[in-house]
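# give me a model of this one.
(one chain, ligands or ions: 1)
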Amino acid sequence: MKPCFGYIRVSTQKQGEGVSLDAQKDAITVFASRNDLTVTKWFEEKETAAKSGRPVFTAMLKQLKQGKAQGVIIHKIDRSARNLRDWAMFSELPDAGVSVYVATESLDFNSRGGRLTADIQAVIAADYIRNLREECIKGMNGRLQQGLFPWGAPPGYLNQGGGKPKIPCPKTAPLIKLAFELYASRQYSYETLLDELHRRGLRNTRGGKLTLCGLGNILQNPFYIGFMHVKSSGKTYQGVHEPIVPVAVWKRVQAIRSERSGPKSTRHNHLFMGLFRCGLCDKPMVPERQKGHVYYRCNRSGCATKTLREELLDDAIRQELCTLELSATAAARAQNTDKPDALIDLEEQRSALDLQIKDQECRLERLEDLLIDGTLDRHRFTRKQGDIQLRLAELQDEMLKLPDVDALAEYQEQLAELRKNLVYLYDMANRAEKRMIVENVWPNRTVSRNEVAFEPYSWVTRGKSDPTLLGGTQERDVDRTFIDLLDKLRTEPQSDGAA
Ligand SMILES: [Zn+2]
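Next comes the predicted model:
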């Protein structure tokens, strides 16, 4: 009895044409006993179609060449020759004195005719695999066109099976959102953000700490605002899954990332970095540490704007907040205004947004026509399409954020509450929160000579004469996290009129 190896390959993909491991083993055993062969060792390979690199196969070839067996029995050629490179190695075995047997066919590998037949079957099998791969790609493109992500869910989402959109994971989605918000606050580097997220319980799929690279991938993934970007083709598709990060925050993170990836990045997190500009030359006021103090100076040499100590800016902010703070009676008046005005505003905003969305959708259609005409090449098309898709997402985001009447009333109340406690909140705030307060209260902060000047948003100045809180386009949405600062009031209640 001639000692032989038995080689079995099982595909992990559900193709419906697979023969189970046991069935293959049985066929080989029967074949062996009929042909006076004995199987001395089994080699079993589990694999996915079309991928090369099979450790078991390679190990078996090595042992065969070392003479550990005189032959090898395989089940069927298409199972063993998933790609032609493998087959070439296989079909060389008879030349090295190793017999090759196929359990389901009577092929004589010692004759030219038999080897030709086997080679032809291998070519057909390889072609079958290529076709399968193409079908697979077609299937994935189809999914993407439908807005479905054909691969595993990114962190923060859960898989629902092939034909369904990913859904936000109740546990990790809030952490992902937080990651964007914290990074957008400019108070974190990748390293410190990574630590903070780890502390709050964000883990990778294996339960370990996220890597810097992994965090980078998260922060640039447009999946979180509803898109699906495919790296290999460079294309971006509109997804049907629920976004978990506001578009404005996502865009801000991208701006900070591209800023920091530039040649001149600073590792320090100075309190007011990037918040003040010189009123004389519009250059940013850059922080500098000297003798234990942080100074801010205009970036232009010889500017008449003085260098200011951080504490001085801090005082100026505090004083300005004092003048903006709403007294309790004014706040009460602001809350007792009629709602219809606000409602009309809301309706107008909604229809204005609707028009803009329709407009962008038209532009997208026209753009596709231009591509079909050949007026635009694929590259420019993709870029312009990206711009429009981003704008559309932004508008849809705004639309979603338009509050209903009750929410509006609550929002109004919260803003009034914030305005009553600006100074207290500022005093209680940590560094990131201080920056957030400054950015939410004043769109423009400048220093001219030794004067600090602030230009407030309408939400902090309106109220006495015009209490409508949803104004024109110059109005900025107050960050949700800013409103959350109110929790500081609840946890440490101050006595009325203490400010
Ligand atoms: Zn200047």
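# specify the local secondary structure of residue 58.
Counting by DSSP: H, G, I helix; E, B strand; the rest coil, the backbone at residue 58 sits in helix.
# residue numbers of the stretch 151-300 of the chain in contact with the ion?
278, 280, 281, 298, 300 (C-beta under 5 Å from the ion). All C-beta atoms are positioned from the backbone trio N, CA, C, and that covers glycine.
# let's see it at 6 Å
Listed as neighbours of the ion in the stretch 151-300 of the chain under the rule C-beta under 6 Å from the ion: 278, 280, 281, 283, 298, 300.
# looking at those, which are in strands?
278, 298 (DSSP state E).
# which of the residues of the stretch 151-300 of the chain next to the ion are buried?
Among these, those classed as buried by 16 or more other C-beta atoms under 10 Å are 278, 298.
# state the mean pLDDT of stretch 187-200.
When pLDDT is averaged over stretch 187-200, the result is 90.
# return the distance of that stretch from the chain's centre.
Centroid separation for stretch 187-200 versus its chain: 17 Å, with C-alpha atoms, centre = their mean, to the nearest Å.
# for residue 9, helix, strand, or coil?
Classified using three-state DSSP, residue 9 is strand.
# quick check: the gap between the residue in the stretch 51-200 of the chain positioned nearest to the ion and residue 176.
Relative to the ion, the nearest point of the stretch 51-200 of the chain is residue 186 (21.9 Å; C-beta to the ion). To residue 176, residue 186 is 19 Å away according to C-beta to C-beta, to the nearest Å.
# the two: which is more packed in?
A count of neighbours by other C-beta atoms under 10 Å puts residue 176 above the other of residue 186 and residue 176, at 24 against 21.
# what's next to the helix or strand containing that one, contact-wise?
Element membership of residue 176 [criterion: DSSP states H and E] is helix 173-184. With C-beta atoms under 8 Å, 6 or more residues apart in numbering as the test, helix 173-184 has contacts from 155-157, 188, 193, 196-197, 200-202, 215, 218-219, 224, 244-245, 249-250, 252-253, 256, 432, 481.
# that older thread, for the residues of the stretch 151-300 of the chain next to the ion, give me a markdown table that also has pLDDT and distance to residue 144.
Shown next, in a markdown table, are those (pLDDT from 0 to 100; distance: C-beta to C-beta, whole Å):
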| residue | pLDDT | distance to residue 144 |
| --- | --- | --- |
| 278 | 93 | 48 |
| 280 | 92 | 52 |
| 281 | 90 | 49 |
| 283 | 87 | 45 |
| 298 | 90 | 50 |
| 300 | 85 | 49 |
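# next, count neighbours for residue 222.
By other C-beta under 10 Å, the residues close to residue 222 number 21.
# skipping adjacent residues, who's closest to it in space?
Excluding the flanking residues, the one nearest residue 222 by C-beta to C-beta, 6 or more residues apart in numbering is residue 229, at 5.5 Å.
# listing partners with orientation, what would you give for the helix or strand where that neighbour lies?
Taking DSSP H and E as the definition, residue 229 sits inside strand 227-230. Strand pairing for strand 227-230, using DSSP bridges, gives strand 235-238 (antiparallel).
# among the contacts of helix 173-184, which ones are in helices?
Of the contacts of helix 173-184, the ones assigned to helices by DSSP state H are 193, 196-197, 215, 218-219, 249-250, 252-253, 256, 432, 481.
# of these - the most surrounded one?
Going by other C-beta under 10 Å, residue 250 tops the ones in helices among the contacts of helix 173-184 with 25 neighbours.
# got a list of what it touches?
By C-beta under 8 Å, 6+ apart, residue 250 lies in contact with 180, 222, 224, 225.
# circling back: what is the nearest of the residues of the stretch 151-300 of the chain next to the ion to residue 106?
Residue 106 has its nearest neighbour among those in residue 283, at 85.7 Å by C-beta to C-beta.
# just to check, the closest one is in contact with residue 298?
Yes. With contacts counted by C-beta atoms under 8 Å, residue 283 reaches residue 298, the gap being 5.4 Å.
# where does the protein have its least confident helix or strand?
Lowest on mean pLDDT, DSSP states H and E among the helices and strands of the chain sits helix 328-335, with a mean of 59.
# now for the following helix or strand past that helix, which elements pack on it?
Later in the chain than helix 328-335, the nearest helix or strand by DSSP H and E is helix 340-373. In terms of contacts (3 or more C-beta pairs under 8 Å, 6 or more residues apart in numbering; DSSP states H and E), helix 340-373 is packed against helix 378-401, helix 405-420.
# just the pLDDT for residue 181.
92.
# any idea how many residues pack against it?
Residue 181 sits with 19 neighbouring residues when counted by other C-beta under 10 Å.
# nearest to residue 486, out of the helices and strands packed on helix 340-373?
Nearest to residue 486, of the helices and strands packed on helix 340-373 and by C-beta to C-beta, is helix 405-420 at 5.8 Å.
# figure out how far the helix or strand just after the closest one is from the centre of its chain.
Counting by DSSP H and E, the next helix or strand C-terminal to helix 405-420 is helix 422-428. Its chain's average C-alpha position is 34 Å from that of helix 422-428, according to C-alpha atoms, centre = their mean.
# check which helices and strands helix 422-428 sits against.
Against helix 422-428 (3+ C-beta pairs under 8 Å, 6+ apart) you get helix 310-324, helix 431-441, helix 486-491.
# which secondary structure elements does the helix or strand encompassing residue 113 sit against?
Using DSSP H and E, residue 113 sits in helix 112-145. Judged by 3+ C-beta pairs under 8 Å, 6+ apart, helix 112-145 is in contact with helix 77-80, helix 84-91, strand 235-238.
# list the contacts of residue 354.
Contacts of residue 354 by C-beta under 8 Å, 6+ apart are residue 399.
# how much space between it and residue 399?
Residue 354 is 8 Å from residue 399, by C-beta to C-beta.
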